[in-house]
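K.L.:
Generate coordinates for the sequence data below:
(one chain, ligands or ions: 1)
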Amino acid sequence: MTELPGQAATATAAAGADASPSSRRGSADIDLDDALIRVEGLRFTRGEREIFSGIDLKIPRGKITAIMGPSGTGKTTLLKLIGGQLTPSDGRVDIAGHHVHALSRRELFRMRRRMGMLFQSGALFSDLSVFENVAFPLRVHTNLPEAMIRDIVLIKLESVGLRGARELMPAELSGGMTRRVALARAIALDPDLIMYDEPFAGQDPISMGVLVNLIRRLNDALGMTAVVVSHDIKETLTIADYVYVIADGKVMAQGTPQALNAEADPRVAQFIHGKPDGPVPFHYPAPDFAGDILDGREAASGTSQRGQSA
Ligand SMILES: Nc1ncnc2c1ncn2[C@@H]1O[C@H](COP(=O)(O)OP(=O)(O)OP(=O)(O)O)[C@@H](O)[C@H]1O
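P.N.:
Model (predicted):
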């Protein structure tokens, strides 16, 4: 298979240069026809539940695309379908023209080399230092000499502001530092695509601000295509170039953050503005509450009566 296009390792160093999230991008230049990822007619079922009932997405090259939507709507599942960890029941995912689910294991492995993934649960290796954590993908996937690995690791750590922390062990890091080391590791191989699952979850406002800026700056410096899944609507809208809102197995809305902020559809407005009341229900589908309680009481009294008569 053809490799995804490469990037220059040294570009990462430029990520340290100052650039506010809002200063660098023109959402007007979004070209969905120049998409790195194309998702067409994607269907996916878990047990009885259809998570996706025909989703179409185009993830523009070199931009940050946010995937948002109510909890449990399938955002993490979508990232796993794109990354080839899950297989759709119908439809297809193409990355740089390659049909992901038709690739051999070897081709998929090569493609994943070009992808950085930063999953919420993706912890660092606790018995490896910060340096060795970032060096890990370089040691696994390349035959680079030690001196070059050292240079690359230091460039990546510099870009996340943690070159001075290279000797520390993961247990000695704060939550925000851990996320930044994981980010340095995710970009160690200069991926063309990076997928972030809840990158800001559990961070205090300062760490969150640092991460928000970092993701934007790294993206601008490296020209990567990024997909961000996040519940932190305000922060994510600050850095996203394009947004998909997914609900009920479909794409409910899509557009630039500006367009979605101005969206009149009450379901989209409820979500984007984080309103608890609106057309999207708070409750997971459930039987009638009063009936449920009464059924429980009847069942309990039936049990106790049976218990007494026994
Ligand atoms: N391994 C699994 N086995 C069975 N069902 C699963 C599994 N993982 C997720 N699900 C279900 O699939 C649906 C989508 O889950 P997913 O984690 O993709 O949603 P999400 O939009 O990322 O949620 P959140 O925003 O709360 O993280 C949920 O209903 C979830 O319960």
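
K.L.:
CA only for contacts and neighbour counts going forward, please
P.N.:
Noted.

K.L.:
Could you pull out the buried residues of stretch 149-162?
P.N.:
For stretch 149-162, the neighbour count (16 or more other C-alpha atoms under 10 Å) marks 149-150, 152-162 as buried.

K.L.:
Farthest pair within those?
P.N.:
Farthest pair in the buried residues of stretch 149-162 (C-alpha to C-alpha) is Ile149 and Gly161. Separation: 18.1 Å.

K.L.:
Show me what the helix or strand where Ile215 lies is packed against.
P.N.:
Using DSSP states H and E, the element containing Ile215 is helix 205-222. Judged by 3 or more C-alpha pairs under 8 Å, 6 or more residues apart in numbering; DSSP states H and E, helix 205-222 is in contact with helix 175-186, helix 233-239.

K.L.:
Just name the most buried of the ones you listed.
P.N.:
Each of the helices and strands packed on helix 205-222 was scored by mean neighbour count; the highest is helix 175-186, a mean of 23, by mean count of other C-alpha atoms under 10 Å.

K.L.:
Residues contacting it, please?
P.N.:
By C-alpha atoms under 8 Å, 6 or more residues apart in numbering, the list of residues contacting helix 175-186 from outside reads 116-118, 122-124, 130, 133-137, 156-157, 159-160, 162, 170, 194, 199, 203, 207-208, 211.

K.L.:
Helix, strand, or coil at Gln85?
P.N.:
coil (DSSP: H, G, I helix; E, B strand; the rest coil).

K.L.:
which residues sit in contact with it?
P.N.:
By C-alpha under 8 Å, 6+ apart, the contact list for Gln85 is empty.

K.L.:
Pretty sure Glu107 sits in a strand.
P.N.:
No. Under three-state DSSP, Glu107 falls outside any strand and is assigned helix.

K.L.:
Tell me who's in contact with the residue in the stretch 101-250 of the chain that the ligand sits nearest to.
P.N.:
Proximity of the stretch 101-250 of the chain to the ligand (C-alpha to the nearest ligand atom) peaks at His231, 6.7 Å away. His231 is in contact with Met68, Gly69, Glu198, Ala201, counting by C-alpha under 8 Å, 6+ apart.

K.L.:
Which pLDDT value goes with the third one?
P.N.:
According to the model's per-residue confidence, Glu198 sits at a pLDDT of 88.

K.L.:
thinking again about what came up before, put together TSV for the helices and strands packed on helix 205-222, with distance to the ligand on each row.
P.N.:
Formatted as TSV, the helices and strands packed on helix 205-222 follow (distance: least, C-alpha to the nearest ligand atom, whole Å):
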stretch	distance to the ligand
helix 175-186	17
helix 233-239	12
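
K.L.:
Format these as TSV; extra columns: mean pLDDT and distance to Asp265.
P.N.:
Shown next, in TSV, are the helices and strands packed on helix 205-222 (pLDDT from 0 to 100; distance: least, C-alpha to C-alpha, whole Å):
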stretch	mean pLDDT	distance to Asp265
helix 175-186	90	35
helix 233-239	90	17
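
K.L.:
how about TSV for those helices, with distance to Glu50 added?
P.N.:
Shown next, in TSV, are the helices and strands packed on helix 205-222 (distance: least, C-alpha to C-alpha, whole Å):
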stretch	distance to Glu50
helix 175-186	31
helix 233-239	25
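
K.L.:
Those helices: which one's closest to Gly274?
P.N.:
Closest to Gly274 of the helices and strands packed on helix 205-222, according to C-alpha to C-alpha: helix 233-239, at 7.8 Å.

K.L.:
Now the element after the closest one, going C-ward?
P.N.:
Next helix or strand after helix 233-239 toward the C-terminus (DSSP H and E): strand 242-247.

K.L.:
hmm, that next one in reach of the ligand?
P.N.:
No. Figure legend: strand 242-247 not in contact with the ligand (C-alpha under 6 Å from any ligand atom); closest approach 8.4 Å.

K.L.:
partners of that strand, with directions?
P.N.:
Paired strands of strand 242-247, with direction, are strand 64-68 (parallel), strand 250-255 (antiparallel) (DSSP bridges).

K.L.:
Now that strand: buried residues?
P.N.:
Judged by neighbour count using 16+ other C-alpha under 10 Å, the buried positions of strand 242-247 are Tyr242, Val243, Tyr244, Val245, Ile246, Ala247.
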